[in-house]
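**Q** Make a model of this:
(chains A and B)
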Amino acid sequence: MHTLKLLSAFLKVNIQMAVAYRADTIVNILLNLMWLGWELLTLSIIFSNTETIGGWGFGELIALLGVFRLVNTMMIALIWPNTEKFNQSIRDGSMDYTILQPVNSMFLVTFSRITVWRIWDLVLAIVLIVIGINISGDIVTPASILAFILLAVSGVIIIYSLWIVLIALTFWFTKFDNNVTILQALLDAGRYPSTVYPVWLRIIVTFLIPIAVATTVPLQALRGDLDASRMVMFLVIGVVSFLIATRVWKAGLKRYSGASS
Amino acid sequence: MLLIFKRLWQVNWAEQWQYRANLIMYLLYWLVSPIIYLAVWTSIATAKGSVNGFTANDFITYYMILLIVDQMTSNIIIHIFGYKIQDGSLSGELIKPIHPMLTNTLVNDLAFKTLNLMWLVPIWLVLALVFKPDFASVTLNGILFALPAIVLGYFINFLLSGAITSLAFWTTRVFSIHEFYYALILVFAGQFVPLKLMPELIQTIARFLPFQLFMYLPIQMIQGNMSMNEIVQGYITGLIWLVVALMLFMFTWRRGVRRFSAVGA
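**A** Numbering: from 1, shown residues only, chains lettered A, B, ... in the order given. Next up is the predicted model:
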């Protein structure tokens, strides 16, 4: 309850900020639509030359684009603005105040900045997923939808955990402040099914920087390409990586000694 | 003048050299898209035999050459210069008797580019080992034709970016405008796919725009896919755009600087 109240307070502050810069918000939404147009154009170019790519059809790639946009929204609406704030607070020592609050510091570091207008991107993403699945003609059952949602959530948690580990490393290596670039760099690989990539790239985006776990894998579950044991494995990895991330975060906090000392 | 450029080079090279570790991250970031497109198109070409006449190897060589050409024709002046206008630190440069954009910023961008290319060489060689491109169609003549096109592409891109960056004298939303410009490059320069595979309409428009000099035309020249006629046409369009870009830049720059001093920042 307490955290929910905090979260709504954060949202309120951030909405006020977005409203203060109305024109920017509108320009950003227009640019966002432009990129959506570009993404759909690239897909139509690909599918004017082939019927399937990595075993997936046009509809499935539209749905994948939707899932990709879910992850991308998390990156842009939460991870980037909060990373910026976090790096700043390590440099100038204002991290002190965050730690002093009687609330979980990981929670504060995650949600204090939210790019609010991006929430419409989530709606767009879900629309893309629904339309894409319809075009593809894949048979969807309540069970596969549930598996899809669970795996998507767990995939997002895995990427989130990786982010926490990356920024926590700043406690040990203060100069490590382009920590998130590596995550963002490989994110684009989530636009296409990982089955198209050469093996080494597939290994990177599945295990090292697990973008595909949050994009390709949930859709595979939705299409029924994934057996139960694999699903359980990915869910367990989600839980474990979150536990590891909290551990690393706490260990990092112990290392933190403020900017002046 | 030469001496000024030499000094500017020393200063800017030292400045960029400090950030050499950050540069690797930047380079990695920038590498991913072309590699993904390479993977997507070669997988399609392998499955179908060829795409509209493009074989898997054609795609591999296309994107391998693109990595170098794109690095050479692109620039980062919006990042070097946009902030200088916004926070007013441009004032210090304006009192020097040299043009801030066409000397200091240009040299800084070139230093950045040189350092990037130095990093790119080993990465490129590793990628070549991985993807095994067959460069049989590449000739010395093709490369010689392409080099001036790359230089032309760089300067057109530099001046157009300069004109856009100068809009920062008027608006704080210059980065959004630049994002739109970047999207135009994506569509018309042939980064996603060789322009020949784009819809007919886009190809026709691209012929009248300068963007294909940034990637598509030089790559095609190096690959030996262009007739003499097409090469000449590309160069003429490019030269016209060079003049247009120069005029656009001069116009926005002069107007902008006058406004800048008027505000007294």
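
**Q** is any part of the helix or strand harbouring residue B:71 close to chain A?
**A** Using DSSP states H and E, the element containing residue B:71 is helix B:56-73. No - applying CB under 8 Å from any CB of the partner chain, one finds helix B:56-73 separated from chain A by no less than 11.1 Å. (Glycine included, C-beta is placed from N, CA and C.)

**Q** got the contact list for the residue of chain A found nearest chain B?
**A** Closest residue of chain A to chain B, CB to the nearest CB: residue A:185 (4.0 Å). If a contact means CB atoms under 8 Å, 6 or more residues apart in numbering or on different chains, then residue A:185 has B:25, B:28-29, B:31-32 as its contacts.

**Q** Can you add secondary structure and distance to residue B:146 and give those residues back as TSV?
**A** Shown next, in TSV, are these (DSSP: H, G, I helix; E, B strand; the rest coil; distance: CB to CB, whole Å):
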residue	secondary structure	distance to residue B:146
B:25	helix	29
B:28	helix	26
B:29	helix	26
B:31	helix	21
B:32	helix	25
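
**Q** Could you list the residues of chain A in contact with chain B?
**A** A:23-24, A:27-28, A:31, A:34-35, A:38, A:41-42, A:45-46, A:49-50, A:52-54, A:178, A:181-182, A:184-186, A:188-189, A:191-192, A:196-198, A:200-201.

**Q** now the residue of chain A closest to chain B, nearest residue through space, not along the chain?
**A** residue B:29 (4.0 Å; CB to CB, 6 or more residues apart in numbering or on different chains).

**Q** Could you give the number of residues near the one you found?
**A** Using other CB atoms under 10 Å in any protein chain shown, the number of residues around residue B:29 comes to 17.

**Q** Residue A:252 too?
**A** Residue A:252 has 17 nearby residues by other CB under 10 Å.

**Q** got it, and residue A:86?
**A** A count of nearby residues for residue A:86, using other CB under 10 Å, gives 24.

**Q** List the buried residues in whichever strand or helix holds it.
**A** Following DSSP H and E, one finds residue A:86 within helix A:80-92. Buried residues in helix A:80-92, defined by neighbour count with 16 or more other CB atoms under 10 Å in any protein chain shown: A:80-83, A:85-87, A:89-90.

**Q** and what of stretch A:218-225?
**A** Buried residues in stretch A:218-225 (16+ other CB under 10 Å): A:218-223, A:225.

**Q** Give me the next element, helix or strand, following the helix holding residue A:86.
**A** Moving toward the C-terminus from helix A:80-92, the next helix or strand (DSSP H and E) is helix A:95-100.

**Q** ok so, going back, so which elements touch the helix holding residue B:71?
**A** Helices and strands touching helix B:56-73, by 3 or more CB pairs under 8 Å, 6 or more residues apart in numbering or on different chains; DSSP states H and E, are helix B:20-48, helix B:106-131, helix B:140-166, helix B:216-223.

**Q** The closest residue to residue A:111 other than its chain neighbours: what secondary structure?
**A** Leaving aside its sequence neighbours, residue A:111 sits nearest to residue A:10 (CB to CB, 6+ apart; 5.2 Å). At residue A:10 the chain is in helix, as set by DSSP: H, G, I helix; E, B strand; the rest coil.

**Q** And residue A:10, how far from residue B:83?
**A** Going from residue A:10 to residue B:83 by CB to CB, to the nearest Å gives 28 Å.

**Q** who has more neighbours, those two?
**A** When neighbours are counted by other CB under 10 Å, residue A:10 comes out ahead of the other of residue A:10 and residue B:83, with 18 against 13.

**Q** Would you mind listing the residues in contact with the more buried one?
**A** Shown in contact with residue A:10 (CB under 8 Å, 6+ apart): A:111-112, A:114.

**Q** In PyMOL, how would I select the buried members of these?
**A** In PyMOL, this line selects whichever of the contacts of residue A:10 come out buried by 16+ other CB under 10 Å:
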select buried, chain A and resi 111+112+114
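
**Q** Quick one: the contacts of residue A:10 as JSON lines, columns for pLDDT, secondary structure and distance to residue B:203 too.
**A** Putting the contacts of residue A:10 into JSON lines (pLDDT from 0 to 100; DSSP: H, G, I helix; E, B strand; the rest coil; distance: CB to CB, whole Å) gives the following:
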{"residue": "A:111", "pLDDT": "86", "secondary structure": "helix", "distance to residue B:203": "47"}
{"residue": "A:112", "pLDDT": "84", "secondary structure": "coil", "distance to residue B:203": "48"}
{"residue": "A:114", "pLDDT": "85", "secondary structure": "coil", "distance to residue B:203": "42"}
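
**Q** Put together CSV for the contacts of residue A:10, with distance to residue B:162 on each row.
**A** Output for the contacts of residue A:10, formatted as CSV (distance: CB to CB, whole Å):
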residue, distance to residue B:162
A:111, 40
A:112, 37
A:114, 35
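
**Q** now the longest helix seen in chain A: mean pLDDT?
**A** Counting residues, the longest helix in chain A under DSSP state H turns out to be helix A:142-172. Mean pLDDT, helix A:142-172: 90.
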